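>>> only the shape, not the letters, is given here:
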């Protein structure tokens, strides 16, 4: 719907109640989670990854609730396989790759190719210009 704002949330992998908090947020009207900046999460939360145990709990919730996950991938192709694994494991999960796959950083073309999957979307950044 044009002009609408949807609520998304960011969860912390170091919070043992993160999955329960996520469920409560969805019950209150949350529409998705993100933007998860993978490189920052990995540096702040050792052991975090897109296929880590806590992340898999979040993806299960999003899959069940048909809610999208917005990801800001690291430069390169390190997370490309993990994203494919996410959508293969969870049949209804939708993933949005932010920032056009970090174009023109290394690996951006492989990240953009993820958009060939019917449940992976590539978000193009918007730029404001002044006339």
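That came in fine, so what should we check first? Note that the structure is a prediction, hence the values are computed from the model and not measured.

>>> buried residues in stretch 51-64?
With burial defined by 16 or more other Cβ atoms under 10 Å, the residues of stretch 51-64 counted as buried are 52, 54, 55, 56, 57, 58, 59, 61, 62, 63. To be clear about C-beta, it is placed using only N, CA and C from the backbone, and glycine gets the same treatment.

>>> return the helix or strand in this structure with minimum mean pLDDT.
Within the chain, confidence by mean pLDDT, DSSP states H and E is lowest for strand 8-9 among all helices and strands, at a mean of 74.

>>> which members of the buried residues of stretch 51-64 are the farthest-apart pair?
Pairwise distances across the buried residues of stretch 51-64 peak at 16.1 Å for 52 and 63 (criterion: Cβ to Cβ).

>>> I'd like the next helix or strand past the least confident helix or strand of the chain.
Beyond strand 8-9 in the direction of the C-terminus, DSSP states H and E gives the next helix or strand as helix 18-27.

>>> low-confidence regions, the protein specifically.
Applying pLDDT under 70 to the chain flags residues 1-7, 101-103, 125-131.

>>> that one: helices as residue ranges?
Counting by DSSP state H, the chain forms helices over residues 18-27, 38-44, 53-65, 80-89, 108-113, given from the N-terminal end onward.

>>> I'd like those helices as CSV, with distance to residue 120 appended.
Listed next are the helices of the chain as CSV, based on distance: least, Cβ to Cβ, whole Å:
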stretch, distance to residue 120
helix 18-27, 21
helix 38-44, 15
helix 53-65, 13
helix 80-89, 6
helix 108-113, 9
